[in-house]
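Peer 1: sequence below, structure please.
(chains A, B and C)
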Amino acid sequence: MNSLLALLIIPVIGSAAAAILQRYRIVERLITFLTFSLTFLFLFGIKTGNLFTWHLDFLGKNLEMGLQITPLSIFMLYMTIAFGIVLTFYNLSEKSKMKGFLLLLTLAASNWIFMSADLISFFFAWELMGWSSILMIFGGRREAESRQGALYYAMMSIGGSYSMLIGIFLLSNLTGTFSIQSNVSYLVSILSVHPWWVLGILSLFFAAFMIKSGIFPFHTWVPYTYGEAPDGFVPYLSSVMSKYGVYGFLIFLPLTLGAHVPTVLGLAWPNYVLLWFGSITAVVGSVLAFMQDDVKKLFAYSSFSNLGFILAAIAIFTPIGLTAGLFHAFNHLLFNGAIFITVIAVISKVGTTRMSEMGGLWQKMPLTFLTFFVGIAAAAGIPPFAGFGSKWMIFQAMISHGLIFATILLFFSSIASFLYLMRAFHAIFLGQLSHRYDNVKEVSAIGKITESFLLGALIFFGILPGFILDPINSIVSSFGLKPLPTSGYEYINGFFSSINMVSIFIVVIIAFIFGFTLFAVVAKHKKVPQEDNYTAGQIPQDWNLTPEMYQFSYDFYEPMDKELAPFLKVKIDGFFKGFGESVEYIGGAVKEIFTGNVQIYTYLAIGGLVIFIIAGWVVW
Amino acid sequence: MKTYNIAALLVGVPLLMAFSIPLFGFISKQLAKWITVLTLGFEFFFALYIFLWHIYPFNVIMGNWVPPFGENLYIGPFATVLIILVSFVGLMISIYNLWSANHGDVVHFALLFLMFVGGSIGLISTGDIFNIFIFMEITGISSYALAAYGPERRALGGAFKYLVVSSIGSTLYLFGVLLIYTQLGTLNIAEIAARISQTTSGLLTFAGILLVAGLAVEAELFPFNGWVPDTYTGAVNPVSATLSGIGSVGGVYVLFRILMTVFGKDGNFVSTYGNIDLMSLVAILGSATVVIGELSALAQKNVKKMLAYSSMAQMGLVAIGFSIGSKMGSYAGVFQLVNHSVAKAMMFLILGVIVSFGIGERIDDMKGLWYKSPFLTITFTIGSLSLLGLPLFGGFWSKFALVDASIQRGGWYDFVIAIVLFASVVEAFYYLRIVGYMFTSKPISTDKIKVSVSPAVPIVAFSILIIAIGVFPQIVGGISWNAAHELTDKMGGYVLNVIPTIVGH
Amino acid sequence: MVDFLQNWVYLTGSMALIGIGLYIVLTNTNIFRIIVGLNIIDSGTNLFIVTIAWHPKSVMPIYTATNNLVVNGHVIAADPLPQSLVLTAIVIGLGTTALALAIAVKIYQKYGTLDVRKIKEEDR
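Peer 2: Modelled structure (predicted):
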């Protein structure tokens, strides 16, 4: 069988099988896992430049539909399917209400998005991915809230895809073809003549991509949806599905390369605008994240904040910017996957998502603790873990263009991310263990394997980034850019300098050993329960104190919350919600037309007729 | 002119069998139900034969009275696809009725049902505007009676509202027909179409407005669609499915047969003779219908009523598709009509099964249906996703074509399609809300719903058809394109096929 | 083609009947009066159909030795077709009325009222 087709058909077959056998939970999960693995095997059969075309008799034409493989699609496919294998493997032991057949449909759609050569297939796959993921979000931990979250996501997602649909037709009616390549090159050719028109088309497309990636100002759905989605699905949402937007941007961004357009600081102005959207997203995500007490929501904000970094980097679209963006995309997939998988492991053990109800869990779940720790270290950009290198490159790319303000924003966001990651780390794993969790156990063997694997990957790709930078370089050259020089797997080559990750690793290890020795030898500590505290003769209950308020992270950033409060009054979320509410209100009013009284209906009909006759008379 | 007179059976057999059903009913009630299944099975396979062996387009001529002197049936591609659709939906509903129609006057229910389907097929195939009136009344009277069927009193209220609005509508239609007759002295569609430009334009406009107003009642366009929510909600579920899956098909067919073939002025985009462009008028009506339908459905808590409003809104979409006037527009219209009819009929049938197990029809009652019956949940989801125009299901392609057609037309249709897409987002909200209720929330009692064979057959068949169209749009695409050709090229596509010797305008 | 506008008496009559019918349907809340209104609309339409077939100078459309259908090259025979149309329309109107009355009786049994404003469900 053709490998390209296999990538679409196998998940669909697997999905059908999983749907039929969904009654038997473990069989369904096994099918899901095996389908992901089988799809991954077929991935070895595809190479850059593979094509598969077929003809569709539609719209009265014989439309040519196609699948094509570019270096970017190979990169994306490997990344997403591999992560899917890890996640479905982990889910074999997970008890959340995720529906495997929908995940497999999402996989088919995802593969199709990355391979489609024409806009019809792209849109088809995009919508398929949209609805299968919407249905998946139903059935989270809290029923009503998960329904709300899914509907919020659905509204944004469907709105975005309709905007893309209009863009597709505006474009294809001019070019007479649906092929992505010819449409992009058409846009390039008219960019300098009709810049505003091109901008209009692009914004129609970019709205869809921004919504899917959760870029400001369309980030509002992300916390609701990530916060309420079934636990087993959240890692996929955050790690894989946010990348579709990135892929979409990368389809259209090359068009400013060839054309002569006004530039700002050496950047074509559409890119400059995108860069700012990315930077603002990074800041907004970070700032909002550290007010959260719900751990899934916290990392939802963190997740789209990182997407802001990626967008800012790829918007620069120089070799280093592109490399940095794609590298960060990969690292984001890895560390966010690790973080979310450990987080859902903790949630499934403690049964709550509120951080202030957790604490001290490292004693019970040491491996989870370690994976989570490495994950957030990577997210914060601490060497030598994955995540450091890409952030470093992003800053290099920004500075090389002299984008001072955007760089400051990203720096600010990066520092803010330390704050919230620290809080999450402390609140979940450090501090005193509540008595409620005396019986909590480490994750099952399957969970342990998954976590060790992710732990290893975070360290491996941290100290040997060349394994990722190599394919990224081929992507960069496929866009017609000159790739960064490579010098061994352990080096990251930036704009000004290059760094050797292995030596950094050794330094960090030595520092760690030194610190750990000091901790073990010098410090005297004893374990105390949460309530072991002095109250100066007062009765805690008089102050409405509960054990959880002794939790270290309770109102962790209270002073800063107060400072930031005035800025948070501007709520984009409120805009969307208010809009939705007013539509619903209007709906309630419109419904009153149909009163149930037949005379009103007759009046309507006769009134309509009279209006038409008068209209006809006037035109007469 | 090609003739194929045996095809008169398409109209004759169901009407004949309908009126002989009381005789079978003397023998056994089951036999009466089976007779409907057999008759509609015959209809479906005969229509399929006409389609697959490519016998269309042809005329049926009685007693050698060639048109325009005699009455004829004309079955072109448009009629073929709709006859297949109507007889398929009818067949499926009649299979469903084997299970569902088990109390009350079963025999007369079967009679009326068969009469309704036969009337609809006649409506679609006739080549004479007065016969259209007659068939409209046949379907009308049988559907008033069908709508009044059932144990609940709301059925009666709904049927009465339908009766009043619809009989005023058909009076308006008849008046329009007569005005045309006074001008041209003929009732044959082909001859009127060829000579329409000879008429007084003022009177023609008046006639056109009357015809649109009369037909908009059946085609569920605002403001002539007041009856829709009450009647659909009141009627028992198979009847709602019939009205929405078959009745509206006939209404839309006649509306655009009149507008595009009879009144149509060929061009890149078909417009109409007369002082005002009736196609634009219908586009305005369609947009208003979509918006009002979707917004009203949003505020509903009753799933059946929501389906009724959604049905209205979908017909608005269909009307917009045809009213664009280009080939692509008619293509989108036919496609959307097929998808809507199949999906909406299926959803009413599913609701019927759900209700028969003592679950209410409010949204809250849908909670946790997934745990009771994954089969019904998945099929309902398929139906609603198809109506939303999401891929893997038929609706995707029709919405795709609809957007394409309106953007090709450009001008103020850009505005129309923006409204339509906004309304579609609203539609997505309320359908996904129902689906969400079905998938989430463990219900208090998780008694499994065992769906017996006879209702399961049509539901499965409809879902398979929806997915088949979604994966292979060419199933409907090819013939839809021919139908679009027939509609937009009125001389070559219609008139010359009926009266080859006619001297055109 | 018959110049039906010459029959202004009948024409006005049919329009008046339709107007009266509509007025009744729109202003009366009693179901039976609405049905009567619908019936009057039907009668108006039927009268209109007959009107368009005829004008004061026309002759019957049957060829006999003394009945000349064509005078000075103009057809002066009355149009026979509307006569057959009106039969159909009358029959259809009868059917609709009968059904409407049957439904009205049932409505009275189930709702206990004949006021159209009250024939609706609480749950809209």
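Peer 1: touching chain C at all, stretch B:423-431?
Peer 2: No - contact of stretch B:423-431 with chain C is not found when judged by Cβ under 8 Å from any Cβ of the partner chain; the minimum separation is 15.7 Å. In this view, the C-beta of every residue, glycine as well, is placed from N, C-alpha and C.
Peer 1: so does that stretch get close to chain A?
Peer 2: Yes - residues of stretch B:423-431 are located near chain A by Cβ under 8 Å from any Cβ, namely B:424-426, B:428-429.
Peer 1: need the strands for chain C, in chain order.
Peer 2: Remark: strands assigned in chain C by DSSP state E are C:70-71, C:74-75.
Peer 1: ok, now chain B?
Peer 2: B:58-61, B:72-75, B:264-265, B:271-272.
Peer 1: neighbours of whichever residue of chain C sits closest to chain A, just the number please.
Peer 2: Per Cβ to the nearest Cβ, residue C:120 is where chain C lies closest to chain A, at 3.1 Å. Residue C:120 has 20 neighbouring residues, counting by other Cβ atoms under 10 Å in any protein chain shown.
Peer 1: just give the nearest non-adjacent residue to it, would you?
Peer 2: In this structure, residue C:120 finds its nearest non-sequential neighbour in residue A:596, 3.1 Å apart by Cβ to Cβ, 6 or more residues apart in numbering or on different chains.
Peer 1: mind listing what whichever residue of chain B sits closest to chain C touches?
Peer 2: Closest approach between chain B and chain C, counting by Cβ to the nearest Cβ: residue B:153, at 3.7 Å. Applying Cβ atoms under 8 Å, 6 or more residues apart in numbering or on different chains, we find residue B:153 in contact with C:107, C:110-111.
Peer 1: now the buried members of those residues.
Peer 2: Buried subset of the contacts of residue B:153 (neighbour count, 16 or more other Cβ atoms under 10 Å in any protein chain shown): C:107, C:110-111.
Peer 1: so which strand or helix has the closest residue to residue B:390 other than its chain neighbours?
Peer 2: Distances taken as Cβ to Cβ, 6+ apart place residue A:131 nearest to residue B:390, at 4.6 Å, with adjacent residues excluded. Counting by DSSP states H and E, the element that carries residue A:131 is helix A:119-137.
Peer 1: what residues sit buried inside that helix?
Peer 2: For helix A:119-137, the neighbour count (16+ other Cβ under 10 Å) marks A:119-137 as buried.
Peer 1: any idea which helix or strand comes after it?
Peer 2: Using DSSP H and E, the helix or strand that directly follows helix A:119-137 along the chain is helix A:143-175.
Peer 1: any part of that next one near chain B?
Peer 2: Yes - Helix A:143-175 is in contact with chain B by Cβ under 8 Å from any Cβ, via A:143, A:146-147, A:150-151, A:154-155, A:158-159, A:162, A:165-166, A:169-170, A:172-173.
Peer 1: about what we covered before: just the strands of chain C: most buried one?
Peer 2: Comparing the strands of chain C by mean neighbour count (mean count of other Cβ atoms under 10 Å in any protein chain shown), strand C:74-75 ranks first with a mean of 12.
Peer 1: can you list the residues that contact that strand?
Peer 2: For strand C:74-75, the external contacting residues (Cβ under 8 Å, 6+ apart) are residue C:69.
Peer 1: what strands line up against it, and which way round?
Peer 2: strand C:70-71 (antiparallel) (DSSP bridges).
Peer 1: list the residues that contact the residue of chain C found nearest chain B.
Peer 2: Going by Cβ to the nearest Cβ, chain B is nearest to residue C:110 of chain C, at 3.7 Å. The neighbourhood of residue C:110, defined by Cβ under 8 Å, 6+ apart, consists of B:153, B:156.
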